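# Build me a model from this:
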Amino acid sequence: MSRAAVKLLCAALALALCWGCAPAAPAEDEGLKLWFPTQGRQLTAALDSCPYEGEATVPSMLDALLAGPPVEETGLAAAIPPGTRVLSWSLEQRVVHVELSAAYAGLVGVDLTMADYCITLTLAQLPGVDGVRVTASGAGQSYRERHVLYPGDVLFSGAEEVPVEVTAALYFRREGGNSLGFELRVFRLTEDKAPAKAVLEALLAGPKEEGMAPLLPAGLAVRSAWVDNGVCYADLSGQLLELPEGERALAIDSIVSTLCSLDTVGQVQLLVEGETMGEFGGRDLSQPMGPPVEPER
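Presented below is the predicted three-dimensional model:
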């Protein structure tokens, strides 16, 4: 089964499991929308939208979000704290970077997730915008695990305050051989758990199905993992360096292929103790890597 088929299967399973938790995408002919949390955060639609008739620009749409939902939209609630101001914005490589004032940095947990994705869903409707990076008064990304946000990530956000299912393919060594096979796993995640980190931790824990064998060294830990503009940055502990020479290439392939089974990941940049590496097991770890293998199930 090819990697493309694996991702398609994962996406289909995730969609079936998460149906009803994520907001429906607006039809192209409906015009621009403003996204807000629903009053009471109903499980079937934690976020919803209302029509937007202003200028199709980043600052105009941000001003409308900061103003809150129109008074006639009684089912919607404000997402952004009163007093929040837009300090600056820029567009680079199809990602809008929005810098907000300190009031926004006071948001935490589910409230932060809801506000982040209201901004993302709203701005990503504009031509030339694929993702959004939100920072607050110079705080950078220190108060969130996810760097660039994309509309498709809403399925993974956990904004509904209940676990959300994410499906991924975990690649392990086939018993008695030197090739990889995979297991499909479903993860129930809340907003404080990044999918990439959860998937990596499950990979380190080892296989559950017969015919698969663990590959990564005991004691290896995931220090952090986040996705930025399609690249997953996976920071692992130093135990990775303890792999025997003959095991290294397959282990790296296992990690990269597993992370690339997530819909939001196209490449993987591996780090060890926060630092990039050079050649390791015949693989160049200094640059992001795409999936190296397409094993059969």
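
# State the number of residues packed around Thr258.
Thr258 has 28 neighbouring residues, counting by other Cβ atoms under 10 Å. The way it works is simple: take the backbone N, C-alpha and C, and place the C-beta from them, glycine included.

# got it, and Lys208?
By the other Cβ under 10 Å criterion, the neighbourhood of Lys208 contains 11 residues.

# same deal with Leu189?
18.

# same question, Glu201
So Glu201, with other Cβ under 10 Å, has 14 neighbours.

# Give me the contact list for the helix or strand where it lies.
Using DSSP states H and E, Glu201 sits in helix 195-205. Residues from elsewhere that reach helix 195-205 (Cβ atoms under 8 Å, 6 or more residues apart in numbering): 145, 156, 166, 168, 170-172, 185, 187, 189, 216, 220-222, 224-227, 232, 234, 236, 254-255, 258-259, 261-262, 264-265.

# so how far is Leu180 from Tyr233?
Distance of Tyr233 to Leu180, computed by Cβ to Cβ, to the nearest Å: 22 Å.

# Going by neighbour count, which of the contacts of helix 195-205 are buried?
Among the contacts of helix 195-205, those classed as buried by 16 or more other Cβ atoms under 10 Å are 156, 166, 168, 170-172, 185, 187, 189, 216, 220, 222, 225-227, 232, 234, 236, 254-255, 258-259, 261-262, 264-265.

# wouldn't Lys33 be in contact with Glu53 here?
No. The pair Lys33 / Glu53 is not scored as a contact, 10.5 Å apart, by Cβ atoms under 8 Å.

# Pull the number of nearby residues for Val71.
A count of nearby residues for Val71, using other Cβ under 10 Å, gives 6.

# and Asp116, which of the three is it?
At Asp116 the chain is in helix, as set by DSSP: H, G, I helix; E, B strand; the rest coil.

# show me what contacts the residue nearest to Pro151 when sequence neighbours are not counted?
Nearest residue to Pro151 in three dimensions, chain neighbours excluded: Ala124, at 4.8 Å (Cβ to Cβ, 6 or more residues apart in numbering). The neighbourhood of Ala124, defined by Cβ under 8 Å, 6+ apart, consists of Asp130, Gly131, Val132, Tyr150, Pro151.

# I figured the last one was touching Leu123, is that so?
No. Because the distance of 9.5 Å does not satisfy Cβ under 8 Å, Pro151 is recorded as not touching Leu123.

# returning to that earlier point: narrow the contacts of Ala124 to those in strands?
Judged by DSSP state E, those include Gly131, Val132 as members of strands.

# Per-residue pLDDT of Cys21, please?
pLDDT for Cys21: 38.

# Which residue of this protein lies farthest from its centroid?
Gly176 (34.7 Å; Cα atoms, centre = their mean).

# Show me where the stretch 1-150 of the chain has its strands.
33-37, 47-51, 86-92, 95-100, 131-136 (DSSP state E, counting those that start in this stretch).

# for those, which one ends up most surrounded?
Highest mean neighbour count of the strands of the stretch 1-150 of the chain: strand 33-37, a mean of 24 (counted as mean count of other Cβ atoms under 10 Å).

# May I have that strand as PDB, with CA atoms only?
What follows is strand 33-37 as a C-alpha-only set of coordinates in PDB (Å, rounded to 0.1, in the frame of the first residue of the first chain):
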ATOM      1  CA  LYS A  33     -17.300  34.300   6.900                       C
ATOM      2  CA  LEU A  34     -16.300  35.400  10.400                       C
ATOM      3  CA  TRP A  35     -15.700  32.500  12.800                       C
ATOM      4  CA  PHE A  36     -16.700  32.600  16.500                       C
ATOM      5  CA  PRO A  37     -17.200  30.100  19.300                       C
END
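
# which residue sits closest to Gly206, ignoring its sequence neighbours?
Pro214 (4.1 Å).

# Can you name the residues that contact the one you found?
So Pro214 contacts Phe172, Arg173, Gly206, Pro207 (Cβ under 8 Å, 6+ apart).

# number of nearby residues for the third one?
To tie it back to what came earlier, the one meant is Gly206. Number of residues near Gly206 (other Cβ under 10 Å) recorded here: 14.

# Test my guess that it contacts Phe172.
Yes. Using Cβ under 8 Å, Gly206 is in contact with Phe172, at 7.4 Å.

# What distance do you get for Tyr233 to Val268?
8 Å.

# go on, Ile255?
Distance from Ile255 to Val268, counting by Cβ to Cβ: 7 Å.

# And for Gly281?
For Gly281, the distance to Val268 - Cβ to Cβ - is 15 Å.
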